[in-house]
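Q: Coordinates only, no sequence provided:
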């Protein structure tokens with residue numbers, strides 16, 4: 001016979017069991033540009049010497065390639081394709097560091113810039129900053145660097161109380 005403690009444990013386990021490997025959000029091909037178009041434009045922008053390794057990482061389903069896939073998803077959600085060549089040193093960060101994520105951006109061209117997050121402290125500075133200046137255009141990089149350069153942001157009161 002189960003007591004109330006056993007019932008509570010079973011209820012807790014059912015709520016917090018390991019999630020299935022099924023995707024939470026399915027990518028549908030009717031979105032524009034579709035995933036394959038973004039992926040093709042990305043691979044075309046990557047140096048030919050890195051292309052095979054990048055394509056392989058994009059096909060991984062674990063931690064490897066997570067930063068590259070995140071970058072592509074961001075571009076797809078914004079409805080953008082890659083329209084310029086990517087510097088080899090930028091792509092190399094993702095090939096060399098499985099933890100690299102596109103969390104910074106360029107204040108000039110808006111390019112997503114990889115950093116290695118400090119997973120122990122969500123509010124801390126990144127564990128590794130690879131580029132203080134953009135390898136594409138030479139402008140300053142950082143968290144929300146592009147947004148901080150946009151016109152009109154100085155008029156937004158980010159500390160105003162919500163009524």
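A: Perfect, thanks for sending it. On a predicted model such as this, the values are computed, not experimentally measured, just so you know.

Q: okay, CA-based contacts and neighbour counts for the rest of this
A: OK.

Q: Pull the contacting residues for residue 110.
A: residue 146 (C-alpha atoms under 8 Å, 6 or more residues apart in numbering).

Q: how close does it get to residue 144?
A: Applying C-alpha to C-alpha, to the nearest Å, the value for residue 110 to residue 144 is 9 Å.

Q: Same check on residue 97?
A: In terms of C-alpha to C-alpha, residue 97 sits 22 Å off from residue 144.

Q: Check residue 55 too.
A: Relative to residue 144, residue 55 is positioned 28 Å away (C-alpha to C-alpha).

Q: Give me the buried positions along stretch 92-109.
A: Residues 93-95, 98-108 are the ones in stretch 92-109 that count as buried (16 or more other C-alpha atoms under 10 Å).

Q: rewinding a little: which one's more surrounded, residue 55 and residue 144?
A: Neighbours per residue (other C-alpha atoms under 10 Å) separate residue 55 from residue 144, with residue 55 holding more: 17 against 14.

Q: OK, contacts around the more buried one?
A: Listed by C-alpha under 8 Å, 6+ apart, the contact set of residue 55 reads residue 43.

Q: and with 10 Å instead?
A: Neighbouring residues of residue 55 by C-alpha atoms under 10 Å, 6 or more residues apart in numbering: 39-40, 42-43, 46, 65, 68.
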